[in-house]
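1. how would this look folded up:
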Amino acid sequence: MEYGYACVSTREQSEERQLIALTGFGIAESAIFVDKQSGKDFERTQYRRLMRKLKNGDTLVVKSIDRLGRNYEEILEQWRIITKEKRAAIVVLDMPLLDTRQNRDLTDTLIADIVLQLLSYVAQTEREFIRQRQAEGIAAAKARGVQFGRRPSPKPAEFPEWKERWSRGEVSACQAAKALKITHRTFLRWARDNADT
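-> Prediction:
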């Protein structure tokens, strides 16, 4: 049996390019498993279903090696489980050297192992570079004064008056919040701020 596996990192990303490649290879749509979540772990529902089905003599087809994961050790571990424990074959469409279907001699196996190690390493370092670039971009934006998250709501013009009345014990925080049309929690947070604006 031939199975295909596709994975995208978020719900917004499309797996269409991978599906076209898998069906173009000859995998039946009913035999393609698709996950839409991060590849950094293997808590993927469809991947786990596929692993339960995969058995000796089957073939797993993926578009690229990073569909198995983006962590160097995990990609190698999944490769080992599929090829050694399950004794299934793997075909990586983007890298013809990573095709374990044929009877391979020692040299072919060595070359495939080297390519696998190299591509797994590249997949992980690419993920780390992306994280580093994101962190640097956020730091640079913060240095320019860009604020992240929700913008704080402006305090009503009457807030200083109600804060003063609350601090004198004339009204409760709930009464002040209701009059200002804000939540009790927001009133207390604002009241603890030094600034009244």
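2. so how many other residues sit close to Ala140?
-> 10 (other CB atoms under 10 Å). Any C-beta I mention is one placed from the backbone N, CA and C, and that applies to glycine too.
3. tell me which element it falls in.
-> Using DSSP states H and E, Ala140 sits within helix 106-143.
4. what's the following helix or strand after that helix?
-> Next along the chain after helix 106-143, taking DSSP H and E as the criterion, comes helix 159-167.
5. what packs against that next one?
-> Packing contacts for helix 159-167, counted by 3 or more CB pairs under 8 Å, 6 or more residues apart in numbering; DSSP states H and E, involve helix 173-180, helix 184-192.
6. what sits up against it?
-> By CB atoms under 8 Å, 6 or more residues apart in numbering, the residues outside helix 159-167 that reach it are 171-173, 176, 179-180, 187, 190-191, 196.
7. swap in stretch 60-71?
-> Residues from elsewhere that reach stretch 60-71, judged by CB under 8 Å, 6+ apart: 2-7, 17-18, 21-22, 25, 27, 39-42, 50, 54, 74-75, 78-79, 82, 88-95, 98, 116, 119-120, 123-124, 126-127.
8. buried sites along it?
-> The neighbour-count criterion (16 or more other CB atoms under 10 Å) identifies 60-71 as the buried residues of stretch 60-71.
9. again with stretch 163-176
-> Within stretch 163-176, the residues that count as buried by 16+ other CB under 10 Å are 163, 166, 171, 176.
10. looking at this protein, which helix or strand does the model trust least?
-> Sorting the helices and strands of the chain by mean pLDDT, DSSP states H and E puts helix 106-143 at the bottom, at a mean of 78.
11. now stretch 92-103 - C-alpha only, PDB.
-> Provided in PDB are the C-alpha atoms of stretch 92-103 (Å, rounded to 0.1, in the frame of the first residue of the first chain):
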ATOM      1  CA  VAL A  92      10.900  12.100  -0.600                       C
ATOM      2  CA  LEU A  93       9.700  13.700  -3.800                       C
ATOM      3  CA  ASP A  94      12.000  16.800  -3.600                       C
ATOM      4  CA  MET A  95      15.000  14.600  -3.100                       C
ATOM      5  CA  PRO A  96      15.200  11.500  -5.400                       C
ATOM      6  CA  LEU A  97      18.200  10.200  -3.400                       C
ATOM      7  CA  LEU A  98      15.900   9.600  -0.500                       C
ATOM      8  CA  ASP A  99      13.900   6.800  -2.100                       C
ATOM      9  CA  THR A 100      14.300   3.500  -0.200                       C
ATOM     10  CA  ARG A 101      12.000   1.400  -2.500                       C
ATOM     11  CA  GLN A 102      14.800   0.000  -4.600                       C
ATOM     12  CA  ASN A 103      17.100  -2.700  -3.500                       C
END
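12. any chance you could list what contacts it?
-> For stretch 92-103, contacts defined as CB under 8 Å, 6+ apart pick out 21-22, 25, 59, 61-65, 83, 89-91, 108, 111-112, 115-116, 119.
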